[in-house]
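*Asks:* Fold the following, please.
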Amino acid sequence: MVSADTDLDEYNTEWAKAHSKSPAHLQSAYHVRFLLDDEDKEQVEADMLKLLDHPNITFEQALAGLSYFDIWKSDASTKDAYREAAAKKWPEATVFQKN
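*Replies:* Residues are numbered from 1 along each chain as shown. Have a look, this model is predicted:
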């Protein structure tokens, strides 16, 4: 349970460190970081992109990651960069192919 005195950014950072082997948990932590400070959007987007290199990431998690870019209202070039990186990892997945 988080107390009223807890620094949410610090708590989220520590939570992400504790779950660093889980891409799904990291995606959630990135989203919370965005919600706490949308000025950090570029870094959050970059971290989500880097998450594609995580050794434990699954196709389903990568697909879920793509949906965050819509939630964050990311620009087309940012989403395209994510799709391109995901397509290199899963070349048979048409969902990551550029339209």
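
*Asks:* Quick check: which element contains Phe69?
*Replies:* helix 59-71 (DSSP states H and E).

*Asks:* roughly how far out does that helix sit from the chain middle?
*Replies:* Per C-alpha atoms, centre = their mean, to the nearest Å, the displacement of helix 59-71 from the mean C-alpha position of its chain is 7 Å.

*Asks:* who does it touch, helix- and strand-wise?
*Replies:* helix 23-36, helix 41-50, helix 76-89 (3 or more C-beta pairs under 8 Å, 6 or more residues apart in numbering; DSSP states H and E). Any C-beta I mention is one placed from the backbone N, CA and C, and that applies to glycine too.

*Asks:* could you check the angle helix 59-71 makes with the first one?
*Replies:* Inter-element angle recorded for helix 23-36 and helix 59-71: 10 degrees (by axes from the mean of the first three to the mean of the last three C-alpha atoms, to 10 degrees).

*Asks:* which outside residues touch helix 23-36?
*Replies:* Applying C-beta atoms under 8 Å, 6 or more residues apart in numbering, the contact partners of helix 23-36 are 8-9, 12-13, 15-16, 19-20, 40-41, 44, 47-48, 51, 54, 56-58, 61, 64-65, 68, 71-72.
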